[in-house]
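*Asks:* 3D model of this:
(one chain, ligands or ions: 1)
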Amino acid sequence: MKTNFHVKKKDLYRLPWSMNDNPIGWVEVTDVCNIKCDGCYRLIMGEGHKSLKQIKEEISFMKQWRNCDNISLAGGEPILHPRILDIVSYIKALKMKSIILTNGYALSTKMLSDLKDAGLTGFSFHMDTTQVRPEFKKKKIGSEMELNDLRIKFAKMSKKAGLNASFGITVHDGNLEEVPAFIQWAVDNAGLVNGISLITYRTMPTQGIAYFSKGKEVNVNSNSLGYTSGKDSSDETQKITSKQLYALVRSHFKGYEASSYLGGTVDHSSIKWLIGNLIVSGNGKVLGGYGKKAMELIQSIYHFTKGSYLVYPHSKVGKEIFLLSLFDRPLRNTFFQFLKRSFINPFRLFKPVHVLGIGIIQAPDILPDGSIDMCDDCPDLCVHEGKLVNSCRLDECRIYGEFLQPRPVISKKPVEEDRLVS
Ligand code: SF4
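*Replies:* All right, here's what the predicted structure looks like:
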């Protein structure tokens, strides 16, 4: 894919999140799941549901060591945990927000309203073509758009219960071209959808790289880790980057702005988290977006007033965003578009405006020299045996007791004789 849109770090705000001051705490409550997704970061190893005691300890750990504003409840499928309401109530009692990452399959209207009463902030729904969903008679879905009816169903259910709803897809070469249509769906339903996330498909290269644990080589090809999935370094699916996705979104949505980022831990040029947005009028017209100054103000003011950084707002953001247009050039342009349209039809002044967040996340990259480019100041650290570990690599700790060490495979070709002589 070739486009003329290049994202430059100097045009973005580097999010100030760090290990000990990060708006997100990642807590996995179960390894039970009711759906199989390709490229899932988590293996179902039969550990079942964690005890409420252990979950409470992990949540308190996050509060103490991460200064979280939000706890992301993950799994497995968190809705299946029999004490999910107690878990959500506990988070609320500690004055944090909670988001459940779910495939939605087990969600009922009653469960939604119980979760709302317990203090839940919202859902991040994962529905995409990597899944084999029971609603589709255990068939793999051919196109992202086939899932829109299901997405709308859950967006409406969430809105009715007063809960936020974001929708994520894993992006691979099979659905890359559908990304603009997926975003357009979110734009068309901006009154129901808070945000979308695009996570690049994750694999582990197995050609030219060997993996070691405690000094011994391990065979990751045996599919012992979910994300090896039998794919290797020649597989193009792992080459989709956040920069490519940025260019794709830019080329289809005039006015789309990326405001902030997290870089990589090894590659100075990589962008692992790219946060952007579209500001959409009440009748589904894209007005523009906001840029780095607005994001800097949002993070700084929130931290100054609440004591932590912000990732998920409590409720949908609307016209109040224009208050920041004094300080942010892209937002000024967006505000101008809003005023221009309202001048033509003054009734538009009273119509709602929706801010649609677009988060792009580039999965870890294993580089040819064996180093791993992770997300700098990873927001999705979880607790494992009293330590914080990247949740995307938790299975390495669960299976091998530590992170695997990748090393480039040295060619065993014999050294030529004339080189030996010299
Ligand atoms: S490094 Fe952290 S934020 Fe990045 S993919 Fe892994 S767990 Fe997620």
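*Asks:* OK, contacts around the closest residue to Met127 other than its chain neighbours?
*Replies:* Leaving aside its chain neighbours, Met127 sits nearest to Leu147 (4.9 Å; criterion: C-beta to C-beta, 6 or more residues apart in numbering). C-betas here are computed from N, CA, C, even on glycine. By C-beta atoms under 8 Å, 6 or more residues apart in numbering, the residues touching Leu147 are 127-129, 141.
*Asks:* Would you mind checking which of the residues you listed is nearest to the ligand?
*Replies:* Ranked by distance to the ligand (C-beta to the nearest ligand atom), the contacts of Leu147 are led by Asp128 at 16.7 Å.
*Asks:* I'd say that closest one and Asn175 touch.
*Replies:* Yes. Counting by C-beta atoms under 8 Å, Asp128 does reach Asn175; the two are 7.0 Å apart.
*Asks:* shared neighbours of these two, anything?
*Replies:* In contact with both Asp128 and Asn175: 144, 169, using C-beta under 8 Å, 6+ apart.
*Asks:* Tell me which of those two has more neighbours.
*Replies:* Between Asp128 and Asn175, counting by other C-beta atoms under 10 Å, Asp128 is the more crowded of the two (25 against 22).
*Asks:* and the more buried one, that one's in a strand?
*Replies:* No. Under DSSP: H, G, I helix; E, B strand; the rest coil, Asp128 sits outside any strand and is assigned coil.
*Asks:* quick revisit: if I look at the residue nearest to Met127, how far off is Val280?
*Replies:* Separation of Leu147 from Val280 (C-beta to C-beta, to the nearest Å): 21 Å.
*Asks:* With Ile84 instead?
*Replies:* 32 Å.
*Asks:* can you list the weak-confidence ranges in the stretch 151-300 of the chain?
*Replies:* Where the stretch 151-300 of the chain drops to pLDDT under 70, the residues are 222-224, 226-238.
*Asks:* By residue count, what's the longest strand in this structure?
*Replies:* Using DSSP state E, we find that the single longest strand of the chain is strand 271-281.
*Asks:* from what I can see Leu331 touches Glu320, true?
*Replies:* No. Counting by C-beta under 8 Å, Leu331 does not reach Glu320; the two are 11.8 Å apart.
*Asks:* More neighbours: which of these two?
*Replies:* The neighbour comparison of Leu331 against Glu320 (other C-beta under 10 Å) goes to Leu331, with 26 against 9.
*Asks:* How is the more buried one assigned, secondary-structure-wise?
*Replies:* Criterion first, three-state DSSP; result for Leu331: helix.
*Asks:* Read off the pLDDT value for it.
*Replies:* Looking at Leu331, its pLDDT is 97.
*Asks:* Helix or strand for Phe61, just tell me which one.
*Replies:* helix 52-66 (DSSP states H and E).
*Asks:* ok, residues contacting that helix?
*Replies:* Residues outside helix 52-66 that contact it (C-beta under 8 Å, 6+ apart) are 19-22, 24-27, 29, 50, 68, 71, 83, 86-87, 90-91, 94, 96, 381-383, 388.
*Asks:* What about the residues you listed, which are in helices?
*Replies:* Of the contacts of helix 52-66, the ones assigned to helices by DSSP state H are 86-87, 90-91.
*Asks:* What about these, which one has the most neighbours?
*Replies:* If you count neighbours using other C-beta under 10 Å, the busiest of these is Ile91, which has 28 neighbours.
*Asks:* From Leu115, how far out is the nearest residue to Arg133 once chain neighbours are set aside?
*Replies:* Nearest residue to Arg133, sequence neighbours excluded (C-beta to C-beta, 6+ apart): Ile35, at 6.1 Å. Distance, Ile35 to Leu115, by C-beta to C-beta: 19 Å.
*Asks:* Report the secondary structure state of Lys153.
*Replies:* State at Lys153, reduced to three classes by three-state DSSP: helix.
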